[in-house]
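S.K.: Here is my input, please return the structure:
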Amino acid sequence: MDEKEKTNHAGDPDGAAAPSAGKHERNYGIDLLRIVCMYLICILHICGQGGAMTHILGKEASWMTVYLLEAAGYCAVNTYGMISGYVGVSSRHRPSRIVELWLRVFWYSSLGTLIGVFVYHLPVESGTLWKAIFPTMWKTYWYFSSYIGVFFIAPYLNKMILALGKDARKKLLITLFLVFSVFTMVPRVSLTGSDFLGIGSGYSFVWLAVMYVMGGCIRMLEDCREEGAEPAEGKSAGRKDFLHKSTSFYVILYLICVLITWASKFVIGYITVSAFGEQRYYRLLFSYAGPTVVLSAYALLMIFSRLKIGKKPGREMIRLLSPMAFSVYLVQVQPYFWDYALKGSCTFIAGKTPAAALLLVLGCAALLYLLCTAIDIIRALVFKALNIRKCAEAFTDFVLKPFRCNTSA
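M.R.: Numbers count the residues shown, from 1 in each chain. This next block holds a predicted model:
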């Protein structure tokens, strides 16, 4: 893949991490972060859909240990959204990439359904075929359905971010965090559970757009730091703000946020049982919109954006796995795989000792990641043989041709 190809689709869920303007070095730390985030998502699915987080009487310690892993991985989706903005804000927008990504989604949606129905003779439920043929409209894959909206407004979001000054970007970051994360906590504890901003606890186009803008602002502020920009008026040149701390600071921030998220479940549960006679709001912070989850996602982005990977074997491995990371998600949440292969497959972990449960969740998540990657290798070879990228570009050029203006004088 040459340098031009690296920067063309950097803002996509599986795109390469584009170099900063004027630089020619690929950010392998961001590429690695995609892989790490998808591994964390595998952990979430092993804990939840896999059943590792099942509460067994007498095994409370194991249950709490598995919950700690869920708290550690809950920020992964937010980080993935931030990455799109972080690398997309300074990249060329390629409409053909959304066609290519849709074909990948359709591959897993339709092929997975055919295999489930005709090979394993699984039931055809109402709407199954429609969901397989039109996976985006039926939200078969909620992240991709929401990302499509972000993709089409991304050029305008980029223009806004690039037009802002350093202080304005910081203010925008803080405003988005307060309005969409902190302030939305109050309605969530009401009797109605109001979602007045329509963020759907993070399962929405609105939330991914917020993450995109935050990631783009962080990227531009990071570029200012690397270029040695002058400090804002009235600030000391040697003073580091919250966006320009050391890597160790962000590691500590991530760990603290994870522990607070994890502890909140048990503390809030205990308090509400004492006050109301039943547990309420115990998963208040276990939401993509939760403040500690957003901060931990931000911390991961800052840690990996500064990571330097110098050895060639490591770079080549990251280069191989990073483009397939998004497919790991697509395989897992394919309806038949999700309901018949993954569901309840790891309930045995709940009965183990805390140490064993910890290791088993990590190991099963790794196996799930490798299995999904192996499946995607087949898809990648087929797409390469069919030259899907060129087909997507030709289709997009044909569709968009009437909308292009002739600007020549």
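S.K.: From here on, just use CA atoms for contacts and neighbour counts.
M.R.: OK.
S.K.: The nearest residue to residue 329 once chain neighbours are set aside: neighbouring residues, count only.
M.R.: Excluding its sequence neighbours, the residue lying closest to residue 329 (C-alpha to C-alpha, 6 or more residues apart in numbering) is residue 38, at 7.1 Å. Counted with other C-alpha atoms under 10 Å, the neighbours of residue 38 add up to 24.
S.K.: The particular helix or strand that has residue 38 in it - what's its average pLDDT?
M.R.: Residue 38 belongs to helix 28-47 when assigned by DSSP states H and E. For helix 28-47, mean pLDDT rounds to 96.
S.K.: The next helix or strand after it: which residues count as buried?
M.R.: Per DSSP H and E, the first helix or strand lying C-terminal to helix 28-47 is helix 60-73. The neighbour-count criterion (16 or more other C-alpha atoms under 10 Å) identifies 60-73 as the buried residues of helix 60-73.
S.K.: so for the longest helix along the chain, what's the average pLDDT?
M.R.: Longest helix in the chain, counting residues (DSSP state H): helix 354-385. Averaged across helix 354-385, the pLDDT comes to 97.
S.K.: Buried residues, it. List them.
M.R.: 354, 357-358, 360-362, 364-366, 368-369, 372-373, 376, 379-380, 383.
S.K.: so what secondary structure elements neighbour that helix?
M.R.: helix 28-47, helix 60-73, helix 325-332 (3 or more C-alpha pairs under 8 Å, 6 or more residues apart in numbering; DSSP states H and E).
S.K.: for these, which one sits closest to residue 262?
M.R.: Evaluated over the helices and strands packed on helix 354-385, closeness to residue 262 peaks at helix 60-73, with 5.5 Å, by C-alpha to C-alpha.
S.K.: ok and the closest one relative to helix 354-385, angle-wise?
M.R.: Counting by axes from the mean of the first three to the mean of the last three C-alpha atoms, to 10 degrees, helix 60-73 points 40 degrees away from the direction of helix 354-385.
S.K.: Give me the residues contacting helix 60-73.
M.R.: The contact list for helix 60-73 (C-alpha atoms under 8 Å, 6 or more residues apart in numbering) reads 37, 40-41, 43-44, 47, 52-56, 258-259, 261-262, 286, 350-355, 357-358, 361.
S.K.: Mark which of those are buried, thanks.
M.R.: Among these, those buried by neighbour count (16+ other C-alpha under 10 Å) are 37, 40-41, 43-44, 47, 52-55, 258, 261-262, 286, 350-352, 354, 357-358, 361.
S.K.: so can I have JSON lines of the buried residues of helix 60-73 showing pLDDT and distance to residue 127?
M.R.: Formatted as JSON lines, the buried residues of helix 60-73 follow (pLDDT from 0 to 100; distance: C-alpha to C-alpha, whole Å):
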{"residue": "60", "pLDDT": "92", "distance to residue 127": "40"}
{"residue": "61", "pLDDT": "94", "distance to residue 127": "41"}
{"residue": "62", "pLDDT": "94", "distance to residue 127": "39"}
{"residue": "63", "pLDDT": "95", "distance to residue 127": "36"}
{"residue": "64", "pLDDT": "95", "distance to residue 127": "38"}
{"residue": "65", "pLDDT": "95", "distance to residue 127": "38"}
{"residue": "66", "pLDDT": "96", "distance to residue 127": "35"}
{"residue": "67", "pLDDT": "95", "distance to residue 127": "34"}
{"residue": "68", "pLDDT": "96", "distance to residue 127": "37"}
{"residue": "69", "pLDDT": "96", "distance to residue 127": "35"}
{"residue": "70", "pLDDT": "96", "distance to residue 127": "32"}
{"residue": "71", "pLDDT": "96", "distance to residue 127": "34"}
{"residue": "72", "pLDDT": "97", "distance to residue 127": "35"}
{"residue": "73", "pLDDT": "96", "distance to residue 127": "32"}
